[in-house]
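J.: Dropping a prediction and its sequence here:
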Amino acid sequence: MSLMVTLTGTQGGPAAFSGLAGPGTLVRYGDDERDLLTLQFDTGRGTTMRLSQLGISPEQLDAVFFTHMHSDHTEGFADLALLRWTFHGTGPKLDVVCSADVVSQRGFTISGRRFIAHVADAFIQSGEIAQRHSERADRTAGGPTDLLNTVTFEPKDEAALVWERADVTVSAVRSTHMAGHVSYRVDTPHGSVVIGGDAGNDRLAPPRASSTSDQVERLATGADIIVHSAIHPVMGPDNISGMYPYAYYRQSNVFDLGAMAQRAGVKHLMLTHLIPPIGADRQGPFTVPGGPLTEAAYRQVAQDGGFTGNIVVGADLVSLRLPVRMQCTP
Ligand SMILES: [Zn+2]
């Protein structure tokens with residue numbers, strides 16, 4: 001049996017760059033023959049396309065988990081839900097797990113529950129859902145959302161169980177990035193992985209000890225792998241990137257992620273949601289000071305932060321398997 005963690009997309013933020021898919025992490029648990037459990041964390045742009053490259057179609061997922069309601073993490077979900085309904089219109093239902101509704105400091109209700117309930121509305125309004133249902137009545141009349149089982153929870157500072165099946169558990173903590181942001185940990189008998197999402201520190205700007213989340217650090221203590229969104233310090237507001245300070249500061253920077261991973265004692269740090277993408281001279285409207293970054297430029301900063309374990313600088317479809325298998329060369 002093994003745990004396999006695959007980055008289904010490594011683009012960070014709303015920008016599109018060079019065919020990268022939007023953020024997502026696939027966690028599979030199983031043996032060499034088949035996956036016993038298939039969990040998708042966030043569904044950025046192009047998630048179904050990346051899953052198809054792994055031979056996985058939406059009906060094979062056991063659950064989808066959202067870290068937060070920013071569109072770069074959710075916009076692939078309409079595609080996923082619609083595709084599932086079109087060819088597997090009778091179910092079974094897919095568990096979709098997210099934070100309960102929360103009111104932001106600015107007074108807006110952030111609602112994963114409503115996002116899920118209305119994710120197919122445009123296709124209902126266009127008439128497509130009714131038309132397809134009339135063609136094949138075994139597709140549910142209400143469309144894709146009939147096949148979604150929404151699971152919400154009240155995120156807390158301490159980890160709490162939010163989903164389980166057989167000997168695999170998923171727990172979650174509240175973390176800061178936007179209202180309702182949460183981070184997850186998957187524990188299996190053969191390894192554990194923390195999905196930090198876009199978590200940052202509860203103190204939203206310097207002066208502060210770190211840009212990383214104290215709750216995520218506790219969640220990750222004793223885990224094998226941290227998968228975390230990463231922003232390179234070159235984009236900082238003391239530089240010439242032009243990036244909005246609030247947008248920079250609400251992410252964990254690579255240096256601080258290296259330090260946090262070391263303190264947490266994990267073996268593997270997978271950097272994803274890279275801002276800026278490797279090779280990009282811009283992040284949306286913002287310039288990358290000094291020109292495009294390399295994979296080494298990310299790795300070095302995580303090492304400078306103090307991490308001595310294995311660093312994976314994310315690229316779409318990069319995987320880590322636990323237990324790690326030794327490669328034998330003939
Ligand atoms: Zn994001």
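T.: Good, I have the coordinates.

J.: Counting by contacts, list what the helix or strand hosting L83 packs against.
T.: Assigned by DSSP states H and E, L83 falls within helix 77-87. Secondary-structure packing of helix 77-87 (3 or more Cβ pairs under 8 Å, 6 or more residues apart in numbering; DSSP states H and E): helix 47-53, helix 121-125. The way it works is simple: take the backbone N, C-alpha and C, and place the C-beta from them, glycine included.

J.: elements contacting the helix or strand that that helix is followed by?
T.: Sequence order places strand 94-99 as the next helix or strand after helix 77-87, per DSSP H and E. Secondary-structure packing of strand 94-99 (3+ Cβ pairs under 8 Å, 6+ apart): strand 63-65, helix 112-117, strand 148-153, strand 160-165.

J.: Which residues of the stretch 51-200 of the chain lie near the ion?
T.: Proximity of the stretch 51-200 of the chain to the ion (Cβ under 5 Å from the ion) is limited to residues D72, D198.

J.: isn't G46 right up against G76?
T.: Yes - applying Cβ atoms under 8 Å, one finds G46 in contact with G76, separated by 6.2 Å.

J.: Now do the shared contacts for those two.
T.: G9, A21, G22 (Cβ atoms under 8 Å, 6 or more residues apart in numbering).

J.: so the second one sits in a helix?
T.: By that I understand A21. No - read with DSSP: H, G, I helix; E, B strand; the rest coil, A21 is coil and lies in no helix.

J.: What is the neighbour count of it?
T.: 24 (other Cβ atoms under 10 Å).

J.: Tell me who's in contact with it.
T.: Here A21 is in contact with T8, G9, T10, Q11, G44, R45, G46, T47, M49, R50, G76, D316 (Cβ under 8 Å, 6+ apart).

J.: pLDDT weak spots in the protein?
T.: 325-330 (pLDDT under 70).

J.: From the ion, how far out is the residue nearest to N239 when sequence neighbours are not counted?
T.: Using Cβ to Cβ, 6 or more residues apart in numbering and skipping residues adjacent in sequence, the residue nearest N239 is P289, 4.8 Å away. According to Cβ to the ion, to the nearest Å, P289 and the ion sit 21 Å apart.

J.: Check the contact between T294 and P277; I expect there is one.
T.: No - with contact defined as Cβ under 8 Å, T294 does not reach P277; the gap is 11.3 Å.

J.: Looking at the two, which is more packed in?
T.: Comparing T294 with P277 by other Cβ under 10 Å, the one with more neighbours is P277, at 23 against 12.

J.: was I right about the more buried one contacting S18?
T.: Yes - at 6.9 Å, P277 counts as touching S18 under the criterion of Cβ under 8 Å.

J.: burial of the residue of the stretch 101-250 of the chain found nearest the ion, as a residue count?
T.: Nearest residue of the stretch 101-250 of the chain to the ion: D198, at 4.4 Å (Cβ to the ion). As a burial measure, D198 scores 29 neighbours (other Cβ under 10 Å).
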